[in-house]
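Chemist: Okay, structure incoming, though there's no sequence with it:
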Ligand SMILES: Cc1ncc(COP(=O)(O)O)c(C=O)c1O
């Protein structure tokens, strides 16, 4: 047996060690601080370790993981870890990831991954069905929302440019392409605009209304003005869940307008689109299916661990126009049951991320997801109501999804920053920071399957206490 392989007995031993580690991590989680007290010596030992000449026994590696890696990790799954749209992973995904690594399918050509190919197609179809995308739609599993946005916007750009997209790109155009987003859009869209050669000067950040939704009148004014000036409006990005407040842009109105004006509509639903699994959210989110493309993130509301994003595209052939390159060394046998995903996105080699998404949906079912999502949204509403009932606190934005933006009413921005820092340094909770209407605020984003109302009460009580202390000092 090659020394880089495990014999069956070692496989079983590794499996037992892994199973124990996972179970103990769950049990210990509540006793851990959200943010680790970093052991600098241990980190320096890692940073300076010479490349080992000889290997170490399995037990030693697991022991080191328990003693050094776990205590120096941020406990994302802790019930009071609430700073970002980053969930506690569900139970089954870690096992799916281990199996995906075992099979090491390359999800580029179907011949290298037939079952994975069928699974990815099915998952994409389920997502398309959730949003009632028509026949002919497609999509691909990505590493996350940023890649989903980039993947979609490249297709939008090329569809607009047409025949010369591949040969000329955006070079040499006398009329620059203009992209429209709201001022609350996630920065991954700006980043995509830069990567795609559009340039930030050609991204119009349209102001929002009091509910943090893109103002349609201002969008229309900007587009018509740009056209009059000889520029080329080509795409509007709406958000189904803005990253700071969770606002949902007026999706139906956007779809009507983009249809009339023949503009590509991309919806960034990385944060919120999968809330459609809850019937409560369906009416608000279904219009996202009227877009030309939609990003959504299983590593957010499906509670998959990183990485698993997804982009859906109304006309799958548009994806192929951008991404299909078939050099002789990759020439592939086509088969009506399978797709070559290398033709639908920028990556060639691609891991079997669809497995954890597929297993999660099949292990738990839509109804369990609806309950989990509704529970998190209820926690956010509960926090919002409690804040409104406390004179010392100010709810800075309406609670639409599961994000709550709050500040201590009588404190300055820097005093609010101190309150946030104390919540973290005293091990109470890890909340995020946000700027809303020019004011600094603390942001709780409920993505954690273990968080309870008691956690919310505790955070608010401590926030009030720290706020009072700030005022006294
Ligand atoms: C609205 C929105 N879009 C895009 C992203 C980027 O997603 P990812 O971190 O998966 O790249 C996020 C991340 O929180 C987001 O909230």
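Modeler: Everything's here; your move. Please read all numbers here as calculations on a predicted model, not as lab measurements.
Chemist: drop to CA atoms for contacts and neighbour counts, all remaining ones
Modeler: OK.
Chemist: Which positions in the stretch 251-400 of the chain make contact with the ligand?
Modeler: Proximity of the stretch 251-400 of the chain to the ligand (Cα under 6 Å from any ligand atom) is limited to residues 268, 270-271.
Chemist: between these, which is nearest residue 374?
Modeler: Minimum distance to residue 374 across those is 14.7 Å, recorded for residue 271 (Cα to Cα).
Chemist: check contacts around the closest one.
Modeler: Residues near residue 271 by Cα atoms under 8 Å, 6 or more residues apart in numbering: 85, 240-243, 246, 296-297, 300-301.
Chemist: ok, and the closest non-adjacent residue to residue 391?
Modeler: Excluding the flanking residues, the one nearest residue 391 by Cα to Cα, 6 or more residues apart in numbering is residue 409, at 7.8 Å.
Chemist: Could you tell me what pLDDT the model assigned to the one you found?
Modeler: Among the per-residue scores, residue 409 holds a pLDDT of 95.
Chemist: cool, and the one 3 residues further on?
Modeler: If you check residue 412, the pLDDT there is 97.
Chemist: and if you look at the one 10 residues further on?
Modeler: Turning to residue 422, the model gives it a pLDDT of 97.
Chemist: Can you give me the distance of it to residue 431?
Modeler: In this structure, residue 422 lies at 11 Å from residue 431, with Cα to Cα, to the nearest Å as the measure.
Chemist: Let's test this: mean pLDDT of stretch 238-257, rounded?
Modeler: Averaging pLDDT along stretch 238-257 gives 98.
Chemist: where do the helices sit along the stretch 151-300 of the chain?
Modeler: Chain-ordered helices for the stretch 151-300 of the chain, with DSSP state H, counting those that start in this stretch as the definition, fall at 165-168, 187-195, 216-228, 251-261, 279-285, 298-301.
Chemist: how is this structure carved up into domains?
Modeler: In the assignment given by automatic domain parsing, the structural domains of the chain cover 105-351, 361-472.
Chemist: Let me know the distance separating residue 161 from the ligand.
Modeler: When distance is defined by Cα to the nearest ligand atom, to the nearest Å, residue 161 is 25 Å away from the ligand.
Chemist: actually residue 108, not the one I typed
Modeler: Relative to the ligand, residue 108 is positioned 21 Å away (Cα to the nearest ligand atom).
Chemist: still on that earlier bit, how near is the residue nearest to residue 391 to the ligand?
Modeler: The spacing between residue 409 and the ligand, counted by Cα to the nearest ligand atom, is 26 Å.
Chemist: hang on, that residue packs against residue 396?
Modeler: No - the pair formed by residue 409 and residue 396 falls short of the contact definition of Cα atoms under 8 Å, at 9.6 Å.
Chemist: what about the nearest residue to residue 339 once chain neighbours are set aside, neighbour count?
Modeler: The shortest distance from residue 339 to any non-neighbouring residue, by Cα to Cα, 6+ apart, is to residue 110 (6.1 Å). Counted by other Cα atoms under 10 Å, the residues lying close to residue 110 total 23.
Chemist: for residue 110, what are its contacts?
Modeler: Residue 110 sits next to 117, 338-341 when contact means Cα under 8 Å, 6+ apart.
Chemist: who has more neighbours, residue 409 and residue 396?
Modeler: For the pair residue 409 and residue 396, the greater number of neighbours falls to residue 396 (23 against 17), based on other Cα under 10 Å.
Chemist: Run through who's touching whichever strand or helix holds residue 444.
Modeler: Counting by DSSP states H and E, the element that carries residue 444 is strand 439-445. With contact meaning Cα under 8 Å, 6+ apart, strand 439-445 is reached by 82-85, 244, 380, 396, 402-407, 413, 416-417, 420, 431-435.
Chemist: Of residue 422 and residue 431, give the one with the bigger neighbour count.
Modeler: For residue 422 versus residue 431, neighbours defined as other Cα under 10 Å are more numerous around residue 431 (22 against 17).
Chemist: Name whatever forms a beta bridge with the more buried one.
Modeler: Taking DSSP bridges as the rule, residue 431 bridges to residue 82.
Chemist: Distance of it relative to residue 417?
Modeler: Distance from residue 431 to residue 417, by Cα to Cα: 11 Å.
Chemist: list the residues that contact both of those two?
Modeler: In terms of Cα under 8 Å, 6+ apart, residue 431 and residue 417 are not both contacted by any residue.
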